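Enquirer: This is the structure alone, sequence omitted:
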């Protein structure tokens, strides 16, 4: 609670009475065998927890859900314990963690930096040791930027793998529910436990057999990874140097870097905020804005107000362009195992955000905005610390349903770099399962 | 050419000079080994043939393509011979075959009926023996209704299996290039030859291994097929009776009929013409309409003029509803091998169309409009003749990429009913390959 006064990470902390039913469940002796027995977790406050208000960081929007989100039900079923609802950029619209009437979320390491957003409080909860893992959401980077800022793994799994039923939408066709953990191995385990088609979620998808929990394992040497031939650091030489080191580290674990044209990915990214997808956000908050424009923060209002002016014609023109870009990007990815980028071009500070609340925010999304539009899987993973002590990270991304493969690479990378985890903990020694990492190129044979 | 004066099936018949390069190619002795050596085919005039005008049945829209559509290039490569460009409902907007400034397309059997559309001339070309097979397109039923009207098999394969590069779009997110043949076995062979991912077509998709040419074969007994629990025949008792007979025939080839709720499929169908998808059609013809409203037929103008008024918000609301309906419909299909419906509720006559050009047309699409929105595969297959002599047909549809399975059922059905083919020809004796029909439930094992 003291932590909260300083970091504003929670919008709601469960009290004893609210925790009671979850604790009671764990008293059953059989509960001890549950895979997540007693593990505390935090959820972003755009995700429903039965009986507790969901605010999406907008008090006038708040409602009390009668049922928890599917992913929350799954985690509770597995023995995990929800302890609080985390602060976020309002309506998950932002990448920095300062756009909330519940206070701005400071970085867990350097107080002059933000926590990153929109899943700001979720990342802080794990970074500050309040929870073992947490749930965020990610439409344009909200599950990856806060990971990079706080020395965490941020898993934005393939769209539809983790249910979004009971989650306040940002853009329903793009939204993902995400996981923050300290290690890729934990993220892999959690994903393996929860990835399944959810009948409550119309956008849910089946996880193919090649991407189940057994696909997490040792990376075969000789993997090929793409590196953008043109990189953007907005003048930050230190980020540029750290990225070069990360490439060398990936090469040292027997990978081959391949230079790739990044312009089609960036063009897709520009479609997200310059195109009609903002209409999806308006469908969530538009009614409230019409009734009471003061109910939302001015910066959110500015993003949303152009939405009603887009026509269906605009939408289809943008969709066709996106489909073309996807074809081009898919072809680039076709003979690679994954692509690596910085998670963000350079960290922006609270001072930067206060000076340029929109432009500084936009810069953060350079390497994240295109991901869901193009239907790729992504993992943000810590790669280093800057001289200031601020965590610095890379993102591995690849074709849809190669999540466990990407996590396997992230895991290998974490063991190669062996950085201290949040709270100064050391990375646990690798557990060898004897398994080999598997992706969508695993040989598939039709037998029947 | 006399035929054309009577039926208006062609917009352009290739002359000797235009045919010469294709014939020259076949003079190479090696050409004799080509799988479609010398087989004449006709293509709908919204599909490009190099050097010949593409009109989409709108003279003011016409252009001369510098390259043929991918599917046309594929067929020529396989030895087939393009002989003419077929008449259609303007911009493929219609299901009856009378909406063309190149004349109305009469039915091949009964002149007081239309050929069905929009692929009107393509169906006539096969029905009248001018071509062995033909290419159509299908957004809302245009590849199935003309098949039903003219005793043909109409294959609307899964979206993306047959390239649409070089095809004038109707709704780009929904369009399919289709095949008209006399038998399901021919359609299976052609599909096996041409189904592949086309880099020219952004909406093209890979054909999964379970749906390749070897998936066409004998149907295992005990298949389960859905039948709508509520059927619409618009008062036509004869169509109702013929449908009952068709169900019995499917049961007699060892299938089990299962009654299904059809309302969600119908609700999806209504989205197509009452929703923002019409904006896609406008993106094709809108510029021409703005410049010269007289360039398009009044009935087409009426369909398109509401398109600019749809917003991106309308679009997303409709898309979310569709996604929900798809979830519901997919669940219905999950434990079935396919669904059977009449191809149309009842045939409409030229007199009906002249009286009610829009309403009579709409009635034709009752069982076809939802198919591409829901991403299903469909085969229209002849099932009977009405007392008047008019052909009458059923449609088998199922999950995406079960095309060869559906064709296997259609083939078995054709042999069970043993109806005369177009031109009075008898169905060739079945060729046993010893293969068993395979669908997406073929057991898939991940090996590597």
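Expert: Yep, that arrived. Keep in mind that what you see is a predicted model, and the values were worked out from it rather than measured.
Enquirer: So which residues of the stretch 301-448 of chain A form helices?
Expert: A:312-333, A:350-355, A:359-364, A:403-417 (DSSP state H, counting those that start in this stretch).
Enquirer: Between those, which one is closest to chain B.
Expert: Among these, the nearest to chain B by C-beta to the nearest C-beta is helix A:312-333 (3.7 Å). For every residue, glycine as well, the C-beta is placed using N, CA and C.
Enquirer: Where does residue A:180 sit: helix, strand or coil?
Expert: Using DSSP: H, G, I helix; E, B strand; the rest coil, the secondary structure recorded for residue A:180 is strand.
Enquirer: Skip the chain neighbours and tell me the closest residue to residue A:66.
Expert: Nearest non-adjacent residue to residue A:66, counting by C-beta to C-beta, 6 or more residues apart in numbering or on different chains: residue A:50, 6.6 Å away.
Enquirer: which parts of chain A sit against chain B?
Expert: A:172-173, A:199, A:202-203, A:209-210, A:276, A:279-280, A:282-283, A:286, A:307-308, A:310-317, A:319-320, A:323-324, A:326-327, A:331, A:438, A:442-448 (C-beta under 8 Å from any C-beta of the partner chain).
Enquirer: residues contacting the closest residue in space to residue A:25 that isn't next to it in sequence?
Expert: Excluding the flanking residues, the one nearest residue A:25 by C-beta to C-beta, 6+ apart is residue A:31, at 6.5 Å. Counting by C-beta atoms under 8 Å, 6 or more residues apart in numbering or on different chains, residue A:31 touches A:25, A:37, A:79.
Enquirer: Report how many residues lie close to the last one.
Expert: Counted with other C-beta atoms under 10 Å in any protein chain shown, the burial measure for residue A:79 works out to 18 neighbours.
Enquirer: what's the weakest-modelled helix or strand in chain A?
Expert: Least confident helix or strand of chain A, by mean pLDDT, DSSP states H and E, is strand A:444-446 with a mean of 49.
Enquirer: could I get the helices of the stretch 301-448 of chain A as TSV with mean neighbour count, distance to residue A:178 and mean pLDDT?
Expert: Output for the helices of the stretch 301-448 of chain A, formatted as TSV (neighbours: other C-beta atoms under 10 Å in any protein chain shown; distance: least, C-beta to C-beta, whole Å; pLDDT from 0 to 100):
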stretch	mean neighbour count	distance to residue A:178	mean pLDDT
helix A:312-333	19	21	97
helix A:350-355	16	22	97
helix A:359-364	19	16	96
helix A:403-417	24	11	97
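Enquirer: Show me the one of those that comes nearest residue A:192.
Expert: Counting by C-beta to C-beta, residue A:192 lies closest to helix A:403-417 out of the helices of the stretch 301-448 of chain A; the figure is 7.4 Å.
Enquirer: isn't residue A:284 right up against residue A:90?
Expert: No - if you go by C-beta atoms under 8 Å, residue A:284 and residue A:90 don't touch, sitting 11.0 Å apart.
Enquirer: Comparing those two, which residue is more hemmed in?
Expert: Applying other C-beta under 10 Å to residue A:284 and residue A:90 shows that residue A:90 carries more neighbours, namely 27 against 20.
Enquirer: Distance check, the more buried one against chain B.
Expert: Separation of residue A:90 from chain B (C-beta to the nearest C-beta, to the nearest Å): 20 Å.
Enquirer: contacting residues around the closest residue to that residue other than its chain neighbours?
Expert: Spatial nearest neighbour of residue A:90, excluding adjacent residues (C-beta to C-beta, 6+ apart): residue A:57 at 4.2 Å. Neighbouring residues of residue A:57 by C-beta under 8 Å, 6+ apart: A:11, A:45-46, A:87-91, A:99-102.
Enquirer: what would these look like in CSV with secondary structure?
Expert: Output for the contacts of residue A:57, formatted as CSV (three-state DSSP):
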residue, secondary structure
A:11, strand
A:45, coil
A:46, coil
A:87, coil
A:88, coil
A:89, coil
A:90, helix
A:91, helix
A:99, coil
A:100, coil
A:101, coil
A:102, coil
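Enquirer: Among those, which one lies nearest to chain B?
Expert: residue A:91 (15.5 Å).
Enquirer: Could you check the pLDDT of the closest one?
Expert: Looking at residue A:91, its pLDDT stands at 97.
Enquirer: Checking the residue nearest in space to the middle of chain A next. Helix, strand or coil?
Expert: When C-alpha atoms, centre = their mean is applied to chain A, the residue found nearest the centroid is residue A:143 (1.8 Å). Look at residue A:143: counting by three-state DSSP, its state is coil.
Enquirer: follow-up on the earlier one: make CSV out of the contacts of residue A:31 and add secondary structure and pLDDT.
Expert: Supplementary listing: the contacts of residue A:31 in CSV, determined by DSSP: H, G, I helix; E, B strand; the rest coil; pLDDT from 0 to 100:
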residue, secondary structure, pLDDT
A:25, helix, 92
A:37, coil, 97
A:79, coil, 97
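Enquirer: out of those, which one sits closest to residue A:397?
Expert: Closest approach between the contacts of residue A:31 and residue A:397, by C-beta to C-beta: residue A:79, at 31.1 Å.
Enquirer: Assess the claim that that closest one and residue A:40 are in contact.
Expert: No - assessed by C-beta under 8 Å, residue A:79 is found out of contact with residue A:40, at 10.9 Å.
Enquirer: Now stretch A:119-129: buried residues?
Expert: Using 16 or more other C-beta atoms under 10 Å in any protein chain shown as the test for burial, stretch A:119-129 gives A:119-128.
Enquirer: let me fix that: stretch A:20-30
Expert: For stretch A:20-30, by 16+ other C-beta under 10 Å, it's A:22, A:26.
Enquirer: coming back round to it: show me what contacts the residue nearest to the centre of chain A?
Expert: Contacts for residue A:143 were tallied using C-beta under 8 Å, 6+ apart; they are A:119, A:136-137, A:154-156, A:176, A:178-180, A:380.
Enquirer: Among the buried residues of stretch A:119-129, which pair sits farthest apart?
Expert: By the measure C-beta to C-beta, A:119 and A:128 form the most distant pair in those, at 14.3 Å.
Enquirer: ok, the residue nearest to residue A:103 when sequence neighbours are not counted - contacts?
Expert: Of all residues not flanking residue A:103 in the chain, residue A:8 sits nearest, at 3.2 Å (C-beta to C-beta, 6+ apart). Residues near residue A:8 by C-beta under 8 Å, 6+ apart: A:87, A:100, A:102-106, A:121.
Enquirer: same thing with residue A:286?
Expert: Counting by C-beta under 8 Å, 6+ apart, residue A:286 touches A:304, A:307-308, B:313.
Enquirer: What distance do you get for the nearest residue to residue A:376 once chain neighbours are set aside to residue A:72?
Expert: Counting by C-beta to C-beta, 6+ apart, the nearest residue to residue A:376 once its immediate chain neighbours are dropped is residue A:397, at 5.0 Å. Distance, residue A:397 to residue A:72, using C-beta to C-beta, to the nearest Å: 26 Å.
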